[in-house]
Structure formats: C-alpha cells, structure tokens
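S.K.: Build me a model from this:
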Amino acid sequence: MNYLENFPPTAEIQRIDADHHLHPFTDHGALNARGSRVITRADGVYVWDSEGNRIIDGMAGLWCVNVGYGRREIADAVHRQLLQLPYYNTFFQTTHPAAAELSRILAEVTPDGLDRVFFTNSGSEANDTVLRMVRRFWELEGKPERSVVVGRRNGYHGSTMAGASLGGMAAMHAQGGLPIPGIVHIGQPHWYREGGDMEREAFGLKMAAELEEAVLSVGADKVGAFIGEPIQGAGGVVIPPDSYWPEIQRICRKYDLLLIVDEVICGFGRTGRWFGSDTFDIKPDLMPIAKGMSSGYVPIGGVMVGGRVAGRLIADGGEFFHGFTYSGHPAACAAAIENLRILREEKIIERAAADTAPYFKQRWSELADHKLVGEARMTGLIGALELVRDKATRQPFDDVGTVGTKCRDACFRNNVVMRAVGDTMVVSPPLIISRDEIDELVSLARRSLDDTLAEIS
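M.R.: Numbering: from 1, shown residues only. So this is what the prediction gives:
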C-alpha cells in the first residue's frame, strides 16, 4: 500500500498508532481513548486531517515551519542532495559541500561574532552540546570548578537529560531524577503572572537581580554560564520587560559568565528580526539553534559559537570528544540552505515585521476584551492569551491547566491549532501568514474562547 496516497481509514490508522506508537509529551491512556488526530497533508499555513478538515496551523508545526508548508524548492534541494551524496559523516577530518556552505550562511545571518557552528540534529542536542562546551571551555581556562550553569524556572531547553536539566520545567524535573548536578535555577520575568503591582521595568530588574544572587550564593568561582531564551516559548510566551536583558548582560560581564541565548524557538524570524538576540540587543557567547533553521522540513540544529569559546577550543583544546552520527547531515544541510535562501531572497522576515506582525498584534490585542482573557501579548509572530478567572485581579483558575485544555480542545473542534501551556493559549504561525489568514485565525480563536466560556459556565 502507498501510505502517502492510499492510506487506511482514520480508525485503522488510530488503531495502529495506539498499538505501536509512543508519542512525545503524551498521556497515552487518554490519547488512545480518544484517538490521535491524523494529519495527511499541508500547504501554506494549513494542514488537512484524514477526514478532510482544513485546519489553520497557528503553531507552525511546533514553532518551526517559518516559510510555510509546501515549498517544493526545499523538497527538490533535498532530492538533489540525496541523489548526489545521501549521507556522509563529518568526523575524521571530513566535510562535504553542504555542511561547509551552510556554516558560511549561518555565520552571515546570525549576530556578529558568532562565526562558527557545531551541527546537531535538534534543539535538545544543541543544548546538550552547549553544556559540554561550557564545561570544556572552563577546563581549558584552568578553572574546571566553574561548571555550574544558571537557568530559569519555566524555561525550556529540550527534553534530553542535559536539556531538561538546563530548563526549569517542574513536571519534567519530577521524572527521572532531574536536574542533573551543577544546574541551578532562578525566577522567570513573567510580569503578568508574577509582577503583582510592580511596574514592568522595575520587575524586570528585580528578576534579573536573581542571577547575581544565585552567583553569590553558589560562588562566583563556581558558576560558568547563564542560559535563557529571548522569549520563553514553551513556558507560555513570556516576553520580558525591556529592562531585563540589559541587566542580565551586565551581571554576566561583571562575573565573567558565558551567556547562552537559546534561539531554538525565537530564531530565524519569529520575533520580527532574524533572531531574538537582534530584537533584544543580546550578545551571546553561545547560541543554540534549530526549528526555523530548516523550517522543520528535515531535522537539523546547531550551536553558534562565539570567538572566545571557539578560539579556546581550536587553539588549546585538542580533541573535543563530542558529536553525532548525523552532525551536518547532507540532506538536512541542503534543506536548511534552501530554507535560508527563501527567507533572505523573498525577504519574508522583513515583510512580516513591516506588515503582518503589526497587524496580527493589533488583531490579537482585540481578544483582550474577552471575559476569559486577562492579557493578550505578542512580539513579532509569537503571542499568548492569559486565561483567568477574574480579569480585574488577575486571579487564576483553581485547577491550573483545566481551562487551557478545554480551550485547546475547542480549538481542535474549530479547526485552528493553538497550544495550551497551563491556562495560557499560545500561537506562533508560519511567517508567511497573510492578513486574511490572520483574520481567520483570530476569529476562530474568539469562537474557541466563547465555546470554552460556555462550557465552564
């Protein structure tokens, strides 16, 4: 059977899936009782399920399909690469044209000073690599005791042992004995949920000051780096006050901490500039990337490495005992090269920043008048709605996540994809979304809010 065209009926696919497929971040008992939604094709900002329903994808897959679905140019580039060199490794003094060319392009589009890339297959692997690099760097500096990395509660840096440890997700830390040693966490700059009566900028400074407190508590001679996302994506689109990142950088300079800026979600146009580091004027030493790097067409990730770390690794490091079978996979590199060509030549990021992102922010802010919505926020094309019991006092719902799940289910029924993070509804659509499609998405979001309100009332 040709599974691309003559796939079985939905119920049969769901049965096979339930029998053999373990999904990520899933309660399998609940999923199998309901049955998986089966997605069969996609084009532009839409996906279709096996029942023929057209669904507007407000999450760009999983924060990643920046150029939209159906770009034949990327498929053709991968096809050509597979015919010429389907695979070769980059171990053993070896490279190939696609890996070299992609590394050159990445050095051009990423912030100044990030001139080298270590290729991985995902954001999780990129953050594992970051931890290895930080600790190796300080060993080469003659200060191996500077092995502690400070992250943030509710931050997300992947789901591998190191990635989940660097992140600050309580539910993940509750399973498997996480975090691993040498990782500590400070608070998040979530003004709406945690700022109380403070002004935004004062709150930003207060939360940044927790980094200095952590350094002094652990010992400045033991802390080697700080890691954070420009905007916390999977944590609920936490957009920091303008005062936050300048103060974080001041503290990093004061205590000579390496600054790791995780751009896995924010990178490649999501925040209205090429990188969140551009949007917030951050100067990283290390920058994990993935997702929008290939628009998700083929898995690929990496770590952009600044001169200070790269210089030490190259000049004094000897062999760096780290890497992956598929680091710099030719087909993945080909997909990324073509994806970046499309972003650059079609000026997708610039056009979104000038037109659709401001329009989306305007339309999104209109949802703040809904009885369930305490705050509607957006930067670039990444946004969130805070669902609350009482708008005036910001009082949350008692059983956090229940209302968000109901709203997500209403979105399913209304053929729009939005993600629920607790009781926060988040969106991150393809960068190519049009004004008409934004209108459609906002209309379906409002309908889903109305349905949720009716259900809980």
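
S.K.: now the helices for the stretch 101-250 of the chain?
M.R.: Ranges of helices in the stretch 101-250 of the chain, per DSSP state H, counting those that start in this stretch, are 123-140, 161-166, 170-173, 191-194, 200-218, 244-254.

S.K.: what's in contact with the second one?
M.R.: Think helix 161-166. With C-beta atoms under 8 Å, 6 or more residues apart in numbering as the contact definition, helix 161-166 has outside contacts at 123-125, 127-128, 130-132, 149, 151, 155, 157-158, 172-173, 176, 178-180, 183, 227. Yep, even glycine has a C-beta here, placed from its N, CA and C like the rest.

S.K.: Would you check how far apart the residue lying closest to Pro189 once chain neighbours are set aside and Leu114 are?
M.R.: Spatial nearest neighbour of Pro189, excluding adjacent residues (C-beta to C-beta, 6 or more residues apart in numbering): Pro240 at 4.0 Å. From Pro240 across to Leu114, the span is 21 Å (C-beta to C-beta, to the nearest Å).

S.K.: and Asp355, how many neighbours does it have?
M.R.: 12 (other C-beta atoms under 10 Å).

S.K.: do the same with His173
M.R.: Neighbours of His173 (other C-beta under 10 Å): 17.

S.K.: give me the low-pLDDT residue ranges for the stretch 301-450 of the chain?
M.R.: Scanning the stretch 301-450 of the chain for pLDDT under 70 picks out 317.

S.K.: Can you show me the strands along it?
M.R.: Per DSSP state E, counting those that start in this stretch, the stretch 301-450 of the chain carries strands over the ranges 301-306, 373-379, 382-387, 416-417, 419-421, 424-427.

S.K.: Describe which strands the longest one pairs with in its sheet and in which direction.
M.R.: Strand 373-379 sits in its sheet next to strand 382-387 (antiparallel), going by DSSP bridges.

S.K.: Beta-bridge partners for Gly383, please?
M.R.: Met378, Val427.

S.K.: Go ahead and confirm it touches Gly236.
M.R.: No - under the criterion of C-beta atoms under 8 Å, Gly383 makes no contact with Gly236, lying 10.8 Å away.

S.K.: Val47 looks like it's in a strand, true?
M.R.: Yes - per DSSP: H, G, I helix; E, B strand; the rest coil, Val47 lies within a strand segment.

S.K.: Can you tell me how far it is from Arg54?
M.R.: 8 Å.

S.K.: longest helix anywhere in the protein?
M.R.: Longest helix in the chain, counting residues (DSSP state H): helix 435-456.

S.K.: which residues does the closest residue to Arg153 other than its chain neighbours contact?
M.R.: Excluding its sequence neighbours, the residue lying closest to Arg153 (C-beta to C-beta, 6+ apart) is Gly168, at 3.9 Å. The contact partners of Gly168, by C-beta under 8 Å, 6+ apart, come to Gly151, Arg152, Arg153, Asn154, Gly155, His185, Gln188.

S.K.: Burial check on the first one, number of neighbours?
M.R.: Neighbour count of Gly151, defined by other C-beta under 10 Å: 26.

S.K.: wait, Thr90 sits on Pro97?
M.R.: No - in this structure Thr90 lies outside contact range of Pro97 using C-beta under 8 Å: 11.8 Å.

S.K.: neighbour-wise, which of the two wins?
M.R.: For the pair Thr90 and Pro97, the greater number of neighbours falls to Thr90 (21 against 14), based on other C-beta under 10 Å.

S.K.: what about dumping the CA coordinates of stretch 82-90 to PDB?
M.R.: The C-alpha coordinates for stretch 82-90 follow below in PDB (Å, rounded to 0.1, in the frame of the first residue of the first chain):
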ATOM      1  CA  LEU A  82      20.100  12.600  -1.800                       C
ATOM      2  CA  LEU A  83      20.900  11.600  -5.300                       C
ATOM      3  CA  GLN A  84      24.500  13.000  -5.200                       C
ATOM      4  CA  LEU A  85      25.500  12.400  -1.600                       C
ATOM      5  CA  PRO A  86      22.800  10.900   0.600                       C
ATOM      6  CA  TYR A  87      25.000  10.600   3.700                       C
ATOM      7  CA  TYR A  88      28.500  11.100   4.900                       C
ATOM      8  CA  ASN A  89      29.700  11.900   8.400                       C
ATOM      9  CA  THR A  90      31.800  15.000   9.400                       C
END
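
S.K.: Before I go, just wanted to say thanks for your time.
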